[in-house]
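K.L.:
I would like to see how this sequence folds:
(2 chains)
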Amino acid sequence: MKTIVAKILEDTLARAEREGVLPPWPERPNLAATIDSPKQAAHGDWASNVAMLYAKAARLPPREVATRLKDRLVDPAGAVAALEIAGPGFLNFRLVPEVWWRGLAEVAARGPRFGRSDVGAGQKVDVEFVSVNPTGPMHVGHGRGAVTGDAIAALLEATGHAVTREYYINDAGNQVKTLARSVHLRYRELFGEKVELPEESYPGEYVIGIARELAREHGDRYLRAPESEWLGPFAALAVTRVLELIRGDLAALGIRFDVWFSEKERLHETGALRAVLDDFRERDLLYDKDGAVFFRSTLHGDDKDRPVVKSTGEPTYLAGDIAYHQDKFRRGFDWCLNVWGADHHGDIPRVRAAVEELGVDPLRLRFTLVQMVNLLRDGQPFKMSKRAGTVVSLREVVEEVGADATRFFFLLRRSDAQLDFDVGLARKQSNENPVFYVQYGHARLCSILRRAAEQGLAPPRHDVEALRSLTLPEELDLAKRVLSMPELVAGAALAFEPHRLVFFLQETVAAFHGYYTRSKNSDKVIGPDPVKTRARLFLCDCLRQAMANALGILGVSAPERMERAADQDAED
RNA sequence: GCGCCCAUAGCUCAGUUGGAUAGAGCGUCGGACUACGAAUCCGAAGGCCGGAGGUUCGAAUCCUCCUGGGCGCGCCA
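P.N.:
Residues are numbered from 1 along each chain as shown, chains lettered A, B, ... in the order given. You can find the predicted model right below:
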């Protein structure tokens, strides 16, 4: 829709220059960028600040520039109903309803694909997210990163990117050894030994399960064996089992990955990690200090050089990351996105530095940070920690409130701001949870369409003649909202901000609920006038389609009817 | 001490990358069902956009400083 105005502005500007009313404008910006939809309806459908920008070059007051443009408006199709000059020199365009009614043809034509676009132009993109260490099931805090990453990936897909969802498995570091040792302690316990779990061990129930499995399979064979004998097999099984848990946690949220990238198998066992360190060494990007090996990340703006090999001879996490990113870019992605927890923000300069040294344009490596989740229980904060007994597992919450509510809740606000997640509230399944509001709107639309079908009315179809009979401002407003979706999706995708889609849904549904209630006693969708009825049913169908598509991108279901939940409050 | 993120209504947060009179939800108060679903709607109250400067036609948005909170800061992952 915006492009219609951009074209008119383009032609008008050209005409003004051609007729010598305005001087040439060498540093003319992309005109579409000067246009946006004003907050206030009184300011029209689209407003351009082009006259203010042009004023300097034209050596004229902005309002004079605006007037000269207005007088030479090029609008052969008659799309502009009114053009007003307002404030310091805004050009406010109001389009004839016809433009919007015609625009709705796109919704009908594209159906489930409405709202999607190809601004991504088929770029190959890797989105890495979650990547929690395989030491235990996911907790609620991890869930936010998982849902956010998945929604960003879906947004990128919706805008014509070829997306790979990727999980980096840190299965080569110390934490895996710690996990194996925890399993071994539990294993000994199974054979009647009294053991004490050290501070750094993993106490979870799942550890016992893994120990039990090892005991079943190997008996007491590893009971007195030296660590060097059992560490390998214990770690291997533990990682496998824990990854199964994590996969299950993710599946419960509808999240699946295309690539599970094992640090151990793909970087250590292939020698890739060794190779990249050797290469860096040769190029004098590494140096020895205090028995460790440091990478000169300060060459690229990091504030300190960072170790890549510990004095024990083991590679650090950063070393793995360097080799990992090399592998990623070798796989031919146009760019890679890392969805990271905000507590890792300090690592960004290092990885960027390394990527530059790998000969990759640093702009091809992008980051988005997901801030912490403040976990509350009925208003009381409590600390999240894998070791603490009070931890709430992700699975627990998903099973309690459902995948839809969990996903929606996590996407409710921008990811770089901290989020309060009140487990008590989320469990309540009360109408305070906005996902019910949005889903109800969709179900209500479905209900109307269902009713129409039951009455034998023809299925909704695009009919400009009929739409012209709609005169309520709310109806035009709903059409405009629907038609704003493609641009909104594109903006959300490029900014990695799925929450914009959540707000779009809430606002659109609110507009619909309001329209519905105001009209229910007078001008129902299914009314006595067959022409209006046809038009309104089509409008409802467009709304339904837009909402279903938006919910689909967010990974939240769009139910055709709502099951009225049994009263949950009873158990409180 | 240095770096990154945040600060907007009582609470939780949006604000389309610098636009016009700053918006929602929850909560509070007052209203609306002979059902295309009231899991909804309408109205009211509620603001020095943390503070102080600066940039310009124009700032919640950009720059500097300050205050307050979160996270991080060479061998944790």
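
K.L.:
for stretch A:14-30, the distance to its chain's centre please.
P.N.:
40 Å (CA atoms, centre = their mean, to the nearest Å).

K.L.:
In that stretch, which of the residues would be classed as buried?
P.N.:
Neighbour counts over stretch A:14-30 (16 or more other CB atoms under 10 Å) mark A:16, A:22, A:25 as buried. Using the backbone N, CA and C atoms, a C-beta is placed for each residue, glycine as well.

K.L.:
what's the answer for stretch A:324-341, then?
P.N.:
Taking 16+ other CB under 10 Å as the criterion, stretch A:324-341 shows A:324-329, A:333, A:335-341 as buried.

K.L.:
thinking again about what came up before, just give me the closest of the buried residues of stretch A:14-30 to RNA strand B.
P.N.:
Each of these was scored against RNA strand B by CB to the nearest atom of the strand, and residue A:25 proved nearest at 14.6 Å.

K.L.:
Identify the residues contacting the nearest residue to that closest one once chain neighbours are set aside.
P.N.:
Spatial nearest neighbour of residue A:25, chain neighbours left out: residue A:57 (4.9 Å); criterion: CB to CB, 6 or more residues apart in numbering. When contacts are counted by CB atoms under 8 Å, 6 or more residues apart in numbering, residue A:57 touches A:23, A:25-27.

K.L.:
which of these come close to RNA strand B?
P.N.:
For RNA strand B, no contacts are drawn from these by CB under 7 Å from any atom of the strand.

K.L.:
Can you tell me which of those residues is nearest residue A:356?
P.N.:
Top of the list for closeness to residue A:356, among those and by CB to CB, is residue A:27 at 31.5 Å.

K.L.:
what ranges do the helices span in the stretch 51-200 of chain A?
P.N.:
Counting by DSSP state H, counting those that start in this stretch, residue ranges of the helices within the stretch 51-200 of chain A are A:62-71, A:97-103, A:105-110, A:140-158, A:174-190.

K.L.:
Packing partners of the second one?
P.N.:
Meaning helix A:97-103. The contact analysis (3 or more CB pairs under 8 Å, 6 or more residues apart in numbering; DSSP states H and E) places helix A:97-103 against helix A:464-467, helix A:473-483.

K.L.:
before we move on, what about the third one?
P.N.:
Under the contact criterion of 3+ CB pairs under 8 Å, 6+ apart, the helices and strands touching helix A:105-110 comprise helix A:473-483, helix A:530-554.

K.L.:
contacts for that helix?
P.N.:
A:114, A:116, A:460-462, A:464, A:482-483, A:538, A:541-542, A:545-546.

K.L.:
Give the buried subset of those residues as a PyMOL selection command.
P.N.:
Buried members of these can be picked out in PyMOL with the line below, counting by 16+ other CB under 10 Å:
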select buried, chain A and resi 114+116+460+462+482+483+538+541+542+545+546
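
K.L.:
circling back: got JSON lines for the contacts of residue A:57, with pLDDT and secondary structure too?
P.N.:
Output for the contacts of residue A:57, formatted as JSON lines (pLDDT from 0 to 100; DSSP: H, G, I helix; E, B strand; the rest coil):
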{"residue": "A:23", "pLDDT": "89", "secondary structure": "coil"}
{"residue": "A:25", "pLDDT": "84", "secondary structure": "coil"}
{"residue": "A:26", "pLDDT": "78", "secondary structure": "coil"}
{"residue": "A:27", "pLDDT": "76", "secondary structure": "coil"}
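
K.L.:
Which ones among the buried residues of stretch A:324-341 map onto strands?
P.N.:
Using DSSP state E, A:335-341 are the members of the buried residues of stretch A:324-341 that sit in strands.

K.L.:
Let me have those residues in TSV, extended by pLDDT.
P.N.:
Output for those, formatted as TSV (pLDDT from 0 to 100):
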residue	pLDDT
A:335	95
A:336	95
A:337	95
A:338	94
A:339	94
A:340	91
A:341	88
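
K.L.:
And the residue of the stretch 51-200 of chain A closest to RNA strand B?
P.N.:
residue A:173 (2.9 Å).

K.L.:
tell me the two of the ones in strands among the buried residues of stretch A:324-341 that are most distant?
P.N.:
The largest distance within those, taken as CB to CB, falls between A:335 and A:341 and amounts to 20.5 Å.

K.L.:
from the buried residues of stretch A:324-341, which is closest to RNA strand B?
P.N.:
Distances from RNA strand B to these, taken as CB to the nearest atom of the strand, are shortest for residue A:341 (7.9 Å).

K.L.:
Quick check: that closest one vs residue A:142, distance?
P.N.:
Here the distance between residue A:341 and residue A:142 works out to 8 Å (CB to CB, to the nearest Å).

K.L.:
likewise residue A:420?
P.N.:
Summarising the geometry, the distance separating residue A:420 from residue A:142, computed by CB to CB, is 16 Å.

K.L.:
Who has more neighbours out of these two?
P.N.:
Just comparing residue A:420 and residue A:142: by other CB atoms under 10 Å the higher neighbour count belongs to residue A:142, 23 against 12.

K.L.:
who's in contact with that one?
P.N.:
Residue A:142 touches A:130, A:132, A:249, A:394, counting by CB under 8 Å, 6+ apart.

K.L.:
Give me the pLDDT value at it.
P.N.:
Residue A:142 carries a pLDDT score of 88 in this model.

K.L.:
And for residue A:181?
P.N.:
Residue A:181 is assigned a pLDDT of 95 by the prediction.

K.L.:
Now do the contacts for it.
P.N.:
Residues A:201, A:227, A:231, A:234 are the ones in contact with residue A:181 under the rule CB under 8 Å, 6+ apart.

K.L.:
doesn't residue A:447 make contact with residue A:544?
P.N.:
No: taking CB atoms under 8 Å as the contact criterion, residue A:544 and residue A:447 are not neighbours in contact, 10.2 Å apart.

K.L.:
Would you map out the domains in chain A?
P.N.:
Per automatic domain parsing, the domain ranges recorded for chain A read A:2-95, A:129-270+A:371-427, A:434-554.

K.L.:
need the ones you listed in CSV with distance to residue A:309, can you?
P.N.:
Supplementary listing: these in CSV, determined by distance: least, CB to CB, whole Å:
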stretch, distance to residue A:309
domain A:2-95, 48
domain A:129-270+A:371-427, 13
domain A:434-554, 33
